[in-house]
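In: Below: sequence and its predicted model.
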Amino acid sequence: MRLPGPARSALDRLPFGSPAVTSASDAAAGANRRVLITGGASGFGLALATAFLERGDRVIVTDLAPTDERPAAVPADASYLRLDVRSEDEWRAARAEVERIWGGVDVVVNNAGIAQGGRIDLLTEEDWRLITDINLLGVARGCRTFAPMLKAQGSGRIVNTASLAGLVHPPSMSSYTAVKAAVVAISESLRWELEPYGVDVSVICPSFFRTNLAASLNASDPAAAEFAGKLIDRSGRSADQVAAEAMRALDAGTFLVLPDGEARRSYRAKHFLPVAYTRIMRAMGAKAAETARAGDAGPGDVGAGTTGTSR
Ligand SMILES: NC(=O)c1ccc[n+]([C@@H]2O[C@H](COP(=O)([O-])OP(=O)(O)OC[C@H]3O[C@@H](n4cnc5c(N)ncnc54)[C@H](O)[C@@H]3O)[C@@H](O)[C@H]2O)c1
């Protein structure tokens, strides 16, 4: 989202960026925690796995590759397990493995996800079902699978990877914004639900950054997918940078983690500069419609290159 310079600096000075600090039961770095991460063979999940390992934690990385075809990118000191977050059976198997090797878990990171871009009239029912199954139900399954273990322990943290798109909702990406907003909502509900049991919850909402995410973009609206892919691939932020900021916030026991300046500014603009926010979003929608009408179908690019939308 492109904001004028004075508005940017005013938003940067506002007193909160990652509001709502919870207890910090798992805050101690190097605490030898037991950490399970979904979608951990690439991008943000891999960067988080590496960061946890560097702190002295024990990590099980899970992803789509079969267990005996461990992806080369997975760090040597992490365990690896296949876990398609769409599969109840594989979630049960992951819980059994965690019980077998660790007897419990301290941090469950529901991170696996795909990208999707598209105008509402071009996104298909199949697109909606796929992104819901992975990005929303995949998170819900992870929470359902491990909540009983965490509650029985009376300790631990669930960390859900949402997106800035779960907090601010630009045009031409309604399926993605919808499921990410739902992940923010699940996280807040569980925060209040699990707090009495000594279990903390965090939700991470980054703006776009460079990973392999663009490879998962759908083909229903090629122009929108291409635009979204450019925002990811051309971002100035790396997964390691975003993970480092996110880890600092997790160490502080933060609930809502906004791990980059773009995410913090956009979130604050929605709340504190509603007129400017509305103007920018309206301009993005108008540009998208204009481009589509001109036959060169594609979403608006207001702010692209400097700030852009979120993934
Ligand atoms: N990259 C960004 O700009 C950005 C911004 C905000 C949020 N996010 C979120 O970060 C998370 C990680 O994405 P990333 O950017 O690292 O992308 P990525 O493609 O590099 O990594 C995603 C990982 O999830 C795995 N995955 C996909 N479907 C799966 C399934 N059904 N079961 C298990 N694993 C599955 C992939 O194999 C891959 O390893 C996603 O939830 C994404 O929505 C990314």
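Out: That came through fine.
In: residue contacts, residue 157?
Out: Taking C-beta atoms under 8 Å, 6 or more residues apart in numbering as the criterion, residue 157 is in contact with 25-26, 106-108, 199-202, 250. In short, each C-beta sits where N, CA and C put it, glycine included.
In: Stretch 187-199 close to the ligand?
Out: No. Stretch 187-199 lies out of reach of the ligand by C-beta under 6 Å from any ligand atom, never closer than 12.8 Å.
In: which parts of that stretch are buried?
Out: Neighbour counts over stretch 187-199 (16 or more other C-beta atoms under 10 Å) mark 187, 190-191, 194, 199 as buried.
In: Including distance to residue 94, pLDDT and secondary structure, could those residues go into a markdown table?
Out: Below are the buried residues of stretch 187-199 laid out as a markdown table (distance: C-beta to C-beta, whole Å; pLDDT from 0 to 100; DSSP: H, G, I helix; E, B strand; the rest coil):
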| residue | distance to residue 94 | pLDDT | secondary structure |
| --- | --- | --- | --- |
| 187 | 20 | 98 | helix |
| 190 | 19 | 98 | helix |
| 191 | 23 | 98 | helix |
| 194 | 19 | 98 | helix |
| 199 | 18 | 98 | coil |
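In: now, which of those sits nearest residue 256?
Out: residue 187 (8.3 Å; C-beta to C-beta).
In: tell me the contacts of the closest one?
Out: Residue 187 touches 158, 160, 162, 201-203, 255, counting by C-beta under 8 Å, 6+ apart.
In: what's the neighbour count on the nearest residue to residue 33 once chain neighbours are set aside?
Out: In this structure, residue 33 finds its nearest non-sequential neighbour in residue 106, 3.9 Å apart by C-beta to C-beta, 6 or more residues apart in numbering. When neighbours are counted by other C-beta atoms under 10 Å, residue 106 registers 20.
In: and if you look at residue 94?
Out: Neighbours around residue 94, by other C-beta under 10 Å: 24.
In: just residue 155 next, same as before
Out: Neighbours around residue 155, by other C-beta under 10 Å: 16.
In: Was I right to think it contacts residue 107?
Out: No. If you go by C-beta atoms under 8 Å, residue 155 and residue 107 don't touch, sitting 10.4 Å apart.
In: Check what pLDDT the closest residue to residue 199 other than its chain neighbours gets.
Out: Nearest non-adjacent residue to residue 199, counting by C-beta to C-beta, 6+ apart: residue 150, 4.5 Å away. The model reports residue 150 with a pLDDT of 98.
In: For residue 150, grab phi and psi.
Out: Main-chain torsions, residue 150, degrees, to the nearest 10: phi -70, psi -40.
In: quick one, helices of the protein?
Out: Assigned by DSSP state H, the chain shows helices spanning 5-13, 43-54, 88-101, 125-131, 137-153, 174-194, 222-233, 239-251, 261-272, 274-293.
In: List the contacts of stretch 130-145.
Out: For stretch 130-145, contacts defined as C-beta under 8 Å, 6+ apart pick out 38, 85-86, 88, 91-92, 94-95, 108, 110, 112-114, 116, 158, 160, 175-176, 179-180, 182-183, 186, 190, 218.
In: Give the buried subset of those residues as a ChimeraX selection command.
Out: A single ChimeraX command selects the buried members of these (16+ other C-beta under 10 Å):
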select :38,85,91,94,95,108,110,112,113,114,116,158,160,175,176,179,180,182,183,186,190,218
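In: returning to what we had before: take the contacts of residue 187 and lay them out in JSON lines including distance to residue 44 and pLDDT.
Out: Formatted as JSON lines, these follow (distance: C-beta to C-beta, whole Å; pLDDT from 0 to 100):
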{"residue": "158", "distance to residue 44": "16", "pLDDT": "98"}
{"residue": "160", "distance to residue 44": "12", "pLDDT": "98"}
{"residue": "162", "distance to residue 44": "11", "pLDDT": "98"}
{"residue": "201", "distance to residue 44": "18", "pLDDT": "98"}
{"residue": "202", "distance to residue 44": "14", "pLDDT": "98"}
{"residue": "203", "distance to residue 44": "13", "pLDDT": "98"}
{"residue": "255", "distance to residue 44": "18", "pLDDT": "98"}
